[in-house]
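In: model the structure of this input:
(2 chains)
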There are 2 protein chains.
Amino acid sequence: MRKTPYQDLEARFRRMDAVSGAMSMLHWDMSAMMPTGGGASRAEQLATLSTVHHAMMTDVAIEDLLDGAEADVQLNVWQQANVREMRRAWIHQAAVDVDLVEALSRACSASEAVWRTARPANDFKSALPGLSEVLNLSRQVAEAKSEKLGVGLYDGLLDQFEPDGRSSDIDIIFSDIAAFLPDFLDDVLRQQETGEAILPLQGPFPADQQRALGKIFMAALGFDFEHGRLDESLHPFCGGTSDDVRITTRYDEADFTTAMMGVLHESGHALYDQGLPKAWRGQPVGGDRGMSIHESQSLLIEMQACRSQEFLTYAAPLMREAFGGQGPAWQSDNVLRQTTHVEKGFIRVDADEVTYPAHVILRYQLEKAAIYGDLQMADLPGAWNEGLKNILGITPSTDTEGCLQDIHWYDGAWGYFPTYTLGAMTAAQLFAKAKQDKPEILSSIAQGNFAPLMVWLREHVHGKGCLLSPSDLLREATGETLNAAHFKAHLKARYLS
Amino acid sequence: MRKTPYQDLEARFRRMDAVSGAMSMLHWDMSAMMPTGGGASRAEQLATLSTVHHAMMTDVAIEDLLDGAEADVQLNVWQQANVREMRRAWIHQAAVDVDLVEALSRACSASEAVWRTARPANDFKSALPGLSEVLNLSRQVAEAKSEKLGVGLYDGLLDQFEPDGRSSDIDIIFSDIAAFLPDFLDDVLRQQETGEAILPLQGPFPADQQRALGKIFMAALGFDFEHGRLDESLHPFCGGTSDDVRITTRYDEADFTTAMMGVLHESGHALYDQGLPKAWRGQPVGGDRGMSIHESQSLLIEMQACRSQEFLTYAAPLMREAFGGQGPAWQSDNVLRQTTHVEKGFIRVDADEVTYPAHVILRYQLEKAAIYGDLQMADLPGAWNEGLKNILGITPSTDTEGCLQDIHWYDGAWGYFPTYTLGAMTAAQLFAKAKQDKPEILSSIAQGNFAPLMVWLREHVHGKGCLLSPSDLLREATGETLNAAHFKAHLKARYLS
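Out: Numbering: from 1, shown residues only, chains lettered A, B, ... in the order given. As a prediction, this is how the structure comes out:
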């Protein structure tokens, strides 16, 4: 029997998924296992697989098959959604000429390499030509994609990370939070100053014990070790495939809380991947629903669920036991004060959840201006420092602590930053509704039992895959469109109560 | 400027090598890192990459390009050899119809899965249908390849592992060793019986210390940790790529010698891979020279160099120190007696270097008969037991200890077995010549200095890649064609002195 266009597409996308999965494992290996001398041959492997994937996606047959599948009235809702996601993936990959893809890839590698030395050397000037070239090529990508998608220039890039994401919506939500933050932050810092002092936790904290403790928490969360691992890498991440999720962390023997919160964060990502619909593995509709939903799952676990009195009621005694700790510093309320300390700082990745949105909003404003041609990269350091002064009231003394700190732009990730804060707001909105639906969630967490929360997330988020658009997913799960109200309420409850 | 056919082929083979390299890393991960639940998606990744590789190799343009490159009078000797190896690789992959490749691949997976339970259950009957199907399809492959290569049926398969290997040559060499072994073995066992008793080494031997000791020996050998790793897997192997060689071992805390000799063995393989000509990375001529040369490098290190009084003069004190050993059991001559103990046994992988060839010759005779249609798989258990009785004088009481013990045939590796013993003989021949050329080799090893040996191997073996045929490589290195004389001399010197 001849395959229908839909069946043909399913087979093709399964093959593409296998190639992507292979690349994903090789990326994990590169970060967690590979000796330095393997770099050149690994780059060759990844570049080759990337062109193989591109060739599969841009095969001349695909467009007709998509048309055929879209006209197929026999498809069920999952299959229809699958075709919609195939079309989206195809648009993003086929919109851009292969020469531009290659030029951008090469420019990113070169720019990133220069950035790696420019950052510690506080040498923005040396990074500028590469960065300008990456921006120039990214703007060409933005043009190609925005035309195909019928959206604005910035949204052509944003849509890669946040399906259907539109800057007009983000502007409204970010204005709300930007208006709220300065006064709120002052209040929090004032209250923190007059509150109880934080007692230091005495180390050292051996990496082996940190690892064992992290695995205890992962198991409590429901991480499936038959389909995943915990390892180490310089920059923690969640990688691999839905059937084999690889998370990493980095141990500091003088401070265990960073690695621990990192493991909880990556576990949130991993639980999402592991919970994606098994029946649709290898198909676009079985994948994750974009960056802000993905980030919402890590932040829901790390920020909403685990930087809480309830989690620490369960976790602090385990920490004390793991490291042989003694005295009042190990009481859960002191550990909570430590893990919810708020401070204005220059570095985004070190920021607490109160100041984090300020860092993101700054980057969002700057990258939008850059993509629209209103900000030249030569003017970036000044614009950065002025922007941070406006939003947080502080000015970095070096570009190392300013516009050189993040790899993203230098590595070609333009249009990505807003998803961090969209994720934080999505997390607050989902967690609020979950607690409303299942009031036992917090009291269960206090006993190390995440099952009620996980059951809710599996049903309303993980198990949906890409059946719905991100905004429909959120509306079905919470009854509301994305808004900042729950995030603000969460911050008030945690930091001003 | 337009590419020449040769340049075009170089670019294509570089891409194919990148795909093979990716597969190789994914295989390593599957054995050393992957959680069990990742198996299905990994199989999908490997199958997809395998079809991608096959499509690249069987592209319609390749044959004309090969013809064009072979007619190119501008090529230097390395480039000419590169074209020759491209032709060989192309013949092996293009000779076989893609449907047969897929059918064989599926049959092997199914048969191997049954074998995994049939072996411990001593249930040959359940494994028989799968094995027969694998043999049936392998014979079809043999027919296709033997026709293209203009060789006999068995040699069509052998040539995949041993380029230009011919069973007519093997028959002569194996007859020689088969005639030598029985009486020699009797003499060895008799002398061993009257010799000094082996004092047991008292454990336990913690895995961490075994690992650290293994790395000390690897470093002494010259293993480049910038381009490789040591990890653990159920079945030790050497994998990865020449730029990133991954070896594995398996620790038994009651006996460290197995893992230690295993690490030395795999390091021999790894040193070969790391020493292949850097200028030809990613090209066929830059690859290894087939299975018997590869095995010769592991056996040269493990058997020739390291199961020796000289190596143990250096190594025994390090072992004693690593495990806090005491008393005469830790003296080098006792450790040597332990690592050169000879015993008739049923299991190939546990066999010493004296009885090992008997196991290989048995399998070689049986697989040749099977490929030529003279042995049906239903008759395998009887033929196995009769053959082992003839060559070693012992009969296994179960198929678990007999024809079910090795994965090879069940997994489709027909025509592979003889390379183990060809490798052992090649190792003896190379080591004899190396010692003749550089008399300081053994005395240096007694001081933990492998440099003189490594320099010789780099020059005469590793650095040659596939410039020469295996037999020309050996002739240029030793002045002789492959023969059993050096292997026999080595056995006599070590076991009857």
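
In: ok, A:Leu137 - how many residues close by?
Out: When neighbours are counted by other C-beta atoms under 10 Å in any protein chain shown, A:Leu137 registers 22. C-beta coordinates here come from the backbone N, C-alpha and C atoms, glycine included.

In: so which helix or strand takes in it?
Out: Using DSSP states H and E, A:Leu137 sits in helix A:124-149.

In: do a quick rundown of the strands in chain A.
Out: Along chain A, counting by DSSP state E, strands occupy A:228-232, A:238-241, A:244-249.

In: to chain B, which of those strands lies closest?
Out: With C-beta to the nearest C-beta as the criterion, chain B lies closest to strand A:244-249 of those, at 3.2 Å.

In: okay, angle between that closest one and strand A:228-232 too, please.
Out: Calculated by axes from the mean of the first three to the mean of the last three C-alpha atoms, to 10 degrees, strand A:244-249 forms an angle of 30 degrees with strand A:228-232.

In: mind checking how far strand A:244-249 is from the chain centre?
Out: Between the centre of strand A:244-249 and the centre of its chain there are 14 Å (C-alpha atoms, centre = their mean, to the nearest Å).

In: quick one: contacts for the closest residue to A:Gly203 other than its chain neighbours?
Out: Spatial nearest neighbour of A:Gly203, excluding adjacent residues (C-beta to C-beta, 6 or more residues apart in numbering or on different chains): A:Ala254 at 5.2 Å. Contacts for A:Ala254 were tallied using C-beta atoms under 8 Å, 6 or more residues apart in numbering or on different chains; they are A:Gly203, A:Pro204, A:Phe205.

In: let's see 10 Å
Out: Taking C-beta atoms under 10 Å, 6 or more residues apart in numbering or on different chains as the contact definition, A:Ala254 lies against A:Leu201, A:Gly203, A:Pro204, A:Phe205.

In: A:Gly324 is in contact with the first one, correct?
Out: No. Assessed by C-beta atoms under 10 Å, A:Leu201 is found out of contact with A:Gly324, at 11.6 Å.

In: so A:Tyr420 versus B:Gly423, what's the distance?
Out: Per C-beta to C-beta, to the nearest Å, A:Tyr420 is found 56 Å from B:Gly423.

In: who has more neighbours, the two?
Out: Neighbours were counted for A:Tyr420 and for B:Gly423 using other C-beta under 10 Å; B:Gly423 has more, 24 against 19.

In: hmm, that one is touching B:Ile301, no?
Out: No. The criterion here is C-beta under 10 Å, and B:Gly423 misses it with B:Ile301 at 11.7 Å.

In: pLDDT score assigned to A:Met1?
Out: We note a pLDDT of 70 for A:Met1 in this prediction.

In: so chain A: which segments form each domain?
Out: Domain assignment for chain A by automatic domain parsing gives A:5-94, A:125-497.

In: in the lowest-mean-pLDDT helix or strand in chain A, which residues are buried?
Out: Least confident helix or strand of chain A, by mean pLDDT, DSSP states H and E, is helix A:98-118 with a mean of 91. Neighbour-count burial for helix A:98-118 flags A:Val101, A:Leu104, A:Ser105, A:Ala107, A:Cys108, A:Ser111, A:Glu112, A:Val114, A:Trp115, A:Ala118 (criterion: 16 or more other C-beta atoms under 10 Å in any protein chain shown).
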